[in-house]
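**Q** Task: produce atomic coordinates for the following.
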Amino acid sequence: MCNAFKSKQGALEHRILNSLKKALEAGGDKRGLISASILILSLNAPPISLRIDYSVDPLKDLERLIQKCNEPSYQNWLKELPTRNA
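**A** Numbers count the residues shown, from 1 in each chain. Model prediction:
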């Protein structure tokens, strides 16, 4: 999981998602996978908390949610939110 994170280029949320996928491929949680989440905290950007609960394929659904968050309308809205350094 750590190697997957370090080797992937791009936005933090995509690197984290890639790491979660690699962890699942490596055996994941023996209880199965029904939820997934990403929390990104930064001093210079608003916090981002993405969460999928009770899903048949939570990593795929989390990937869709990340895609939605990268749409221009959402990115414009994020720019209006306060940050820790603001």
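
**Q** Report the buried residues of the helix ranked longest in the chain.
**A** What stands out as the longest helix in the chain, according to DSSP state H, is helix 12-25. Judged by neighbour count (16 or more other Cβ atoms under 10 Å), helix 12-25 contains these buried residues: E13, R15, I16, L17, N18, S19, L20, K21, K22, A23. C-beta coordinates here come from the backbone N, C-alpha and C atoms, glycine included.

**Q** any idea which of those residues is closest to L62?
**A** Set against L62, the nearest of those by Cβ to Cβ is L17 (6.3 Å).

**Q** How much space separates the closest one from N85?
**A** According to Cβ to Cβ, to the nearest Å, L17 stands 26 Å off from N85.

**Q** the strands in this protein, which residues?
**A** With DSSP state E, the ranges of strands along the chain come out as 36-40, 48-52.

**Q** Save those strands as CSV, and put in distance to L65 and mean pLDDT too.
**A** Formatted as CSV, those follow (distance: least, Cβ to Cβ, whole Å; pLDDT from 0 to 100):
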stretch, distance to L65, mean pLDDT
strand 36-40, 9, 93
strand 48-52, 5, 95
